[in-house]
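*Asks:* Sequence unavailable; structure follows:
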């Protein structure tokens, strides 16, 4: 499964965006898209510079903000810089997002939604729990490898505005529960050794995200200090990393470790 890209677009199955359900001041204005007379009207406010992107203003803000956050980190990027880079007046940026936390929260939703959707598809597929968990971990690690923000940094940032990140944390719990369900089924089938399924799920997700301790997506503005000091670390592809983490995770849970080679062959088959 290819890692996703942060380009402000989501498929229908990824869920609603974090901006949906906001008041007119926080996201799109009430009655957006129509004039007082009911006809179409111009979206947003005038731009500071000519638009150079085919994206709509909201999506362009997310794309620009994601790139800046990847290059310098969330804390060091200002709303003014996001506006100027997107070619917008600062007042236009505030029309779409009242504060930076809302931009970060909307980008962060994507780190849960694709893995959650994938876990739900796996659950409906009927494969054995060990095959499902191996496929999930491989997918999740590749997703993390393609995510431009440092997840632990954003988690710390989320403490500034719990309300803005409430949807993210609710979806995070749903993702943890989905993984715990796979693990619990594996324990019940006798495929996995006896473990606390929810504790295991929490640990699996944390381990998947730990690849960000040294890996950065291709084209990211920042190279992790560990990778910069160890050039060999730069030579690994997300696919290699994802399969190794899947082997370590599932191999450590198997009641019969010799099963790993066979389940990998099954997992590499058609999904």
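*Replies:* Everything's here; your move. Here the structure is a predicted model, which means the values were calculated and not measured. Residues are numbered from 1 along each chain as shown.

*Asks:* next helix or strand past the longest helix along the chain?
*Replies:* Criterion DSSP state H: the longest helix present in the chain is helix 166-189. Using DSSP states H and E, the helix or strand that follows helix 166-189 in sequence is helix 197-209.

*Asks:* can you pull the buried residues of that next one?
*Replies:* Buried residues in helix 197-209, counted by 16 or more other Cβ atoms under 10 Å: 197, 200, 201, 204, 205, 208, 209. (C-beta placed from N, C-alpha, C; glycine too.)

*Asks:* what secondary structure does the residue nearest the centre of the chain sit in?
*Replies:* Among the residues of the chain, the one closest to the centroid is residue 111, at 1.4 Å (Cα atoms, centre = their mean). Of the three states, residue 111 takes helix according to DSSP: H, G, I helix; E, B strand; the rest coil.

*Asks:* if I look at it, how far off is residue 94?
*Replies:* To residue 94, residue 111 is 25 Å away according to Cβ to Cβ, to the nearest Å.

*Asks:* Show me which residues of the longest helix of the chain are buried.
*Replies:* By neighbour count on 16+ other Cβ under 10 Å, the buried set for helix 166-189 is 167-168, 171-172, 175-176, 178-187.

*Asks:* Let's see the pLDDT reported for the residue nearest to the centre of the chain.
*Replies:* Residue 111 carries a pLDDT value of 76.

*Asks:* Residue 64 versus that one, what's the distance?
*Replies:* Separation of residue 111 from residue 64 (Cβ to Cβ): 19 Å.

*Asks:* and what of residue 117?
*Replies:* As judged by Cβ to Cβ, residue 117 and residue 64 stand 26 Å apart.

*Asks:* got the end-to-end distance for stretch 150-167?
*Replies:* One end of stretch 150-167 to the other measures 19 Å (Cα to Cα, to the nearest Å).

*Asks:* ok now that stretch, how far from the chain's centre?
*Replies:* Put simply, stretch 150-167 sits 13 Å off its chain's centre (Cα atoms, centre = their mean, to the nearest Å).

*Asks:* got the buried residues for it?
*Replies:* Neighbour counts over stretch 150-167 (16+ other Cβ under 10 Å) mark 150, 151, 154, 157, 158, 164, 165, 167 as buried.

*Asks:* can you check stretch 237-249 too?
*Replies:* Judged by neighbour count using 16+ other Cβ under 10 Å, the buried positions of stretch 237-249 are 238, 241, 242, 243, 245, 246, 247, 249.

*Asks:* what is the mean pLDDT for it?
*Replies:* Averaged across stretch 237-249, pLDDT comes to 95.

*Asks:* now do stretch 74-87
*Replies:* What stretch 74-87 shows for mean pLDDT is 90.

*Asks:* Now the phi/psi pair for residue 256, please.
*Replies:* Torsion angles at residue 256 (phi, psi; degrees, to the nearest 10) stand at phi -120, psi 100.

*Asks:* and the gap between residue 213 and residue 151?
*Replies:* Here residue 213 is placed at a distance of 10 Å from residue 151 (Cβ to Cβ).

*Asks:* what do you get for residue 196?
*Replies:* For residue 196 relative to residue 151 (Cβ to Cβ), the value is 23 Å.

*Asks:* how many neighbours does residue 253 have?
*Replies:* Residue 253: 21 surrounding residues under other Cβ atoms under 10 Å.

*Asks:* could you say what helices and strands the helix or strand containing residue 138 packs with?
*Replies:* Secondary structure from DSSP H and E places residue 138 in helix 129-145. Helix 129-145 is packed against helix 110-123, helix 166-189, helix 197-209, helix 238-253, helix 260-267, with contacts defined by 3 or more Cβ pairs under 8 Å, 6 or more residues apart in numbering; DSSP states H and E.
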